[in-house]
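Participant: this is a predicted model, with the sequence first.
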Amino acid sequence: SRDEALVLPDKYILFFGTLKKYKGLNVLFDAITKYNTLPSNVKCVVAGAGYDETFELMKQDDRFVCIQKRLSNAELVRLISDAIFVVTPYLTMSQSEIPQTVFVYNKPIIASDLKGFTELLDDTNSLIFETENSAELSNNIYKLLQDETLYKTLEAGIMQFSHSSSPY
């Protein structure tokens with residue numbers, strides 16, 4: 001069967017992946033709802049299969065667009081390429097391929113300061129925040145949405161990373 005076309009907002013930030021507690025959706029939810037981080041014309045798309053109770057709260061808040069399904073490759077390409085940037089508020093991890101995948105599309109990432117992310121990400125290509133610190137995440141989201149110079153600097157850092165990091 002053919003996948004239904006994703007209905008996406010014009011402007012959005014993106015979280016994608018399996019919906020599990022360790023992915024930190026609660027931190028993302030708090031960053032956006034507690035601190036009213038997003039301008040009215042920007043949404044947060046949360047997409048992936050799985051279950052997390054915070055996802056249920058997100059479904060009830062119009063600042064979020066919730067897509068609960070296993071994503072096809074074509075859907076993932078569209079989600080990443082149309083996003084402003086990607087957010088990875090993980091609480092724990094061993095490794096992730098999200099940076100390498102997202103960098104193919106020259107999209108900045110805001111990531112928690114876990115070793116699996118900081119081995120690849122730094123202040124030249126991403127914004128890093130203290131794990132579980134929703135206020136710092138909120139501040140980074142706001143900063144990256146408002147500061148075009150910072151955004152372009154991170155894009156240039158991603159290009160540099162891509163050219164100088166051949167193993168990735």
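Facilitator: Right, received. Where do you want to start?

Participant: now what about whichever helix in the chain runs longest, what contacts it?
Facilitator: Counting by DSSP state H, the longest helix found in the chain is helix 148-164. For helix 148-164, contacts defined as C-beta atoms under 8 Å, 6 or more residues apart in numbering pick out 85, 103-104, 106-108, 120, 124-127, 143-144, 168. All C-beta atoms are positioned from the backbone trio N, CA, C, and that covers glycine.

Participant: farthest pair in those?
Facilitator: Farthest pair in the contacts of helix 148-164 (C-beta to C-beta) is Lys143 and Tyr168. Separation: 25.6 Å.

Participant: below-threshold pLDDT in this structure: ranges please.
Facilitator: 1-4, 165-168 (pLDDT under 70).

Participant: could you tell me how far stretch 86-95 lies from the centre of the chain?
Facilitator: 10 Å (C-alpha atoms, centre = their mean, to the nearest Å).

Participant: show me which positions of it end up buried.
Facilitator: Buried positions in stretch 86-95, judged by neighbour count with 16 or more other C-beta atoms under 10 Å: Val86, Val87, Thr88, Pro89, Tyr90, Leu91, Met93.

Participant: ok, stretch 108-115 next?
Facilitator: Pro108, Ile109, Ile110, Ala111, Ser112, Leu114.

Participant: who touches the fifth one in this structure?
Facilitator: Think Ser112. Ser112 neighbours (C-beta under 8 Å, 6+ apart): Gly24, Val27, Thr88, Pro89, Tyr90, Leu91, Ile128, Phe129, Glu130, Thr131, Glu132, Leu137.
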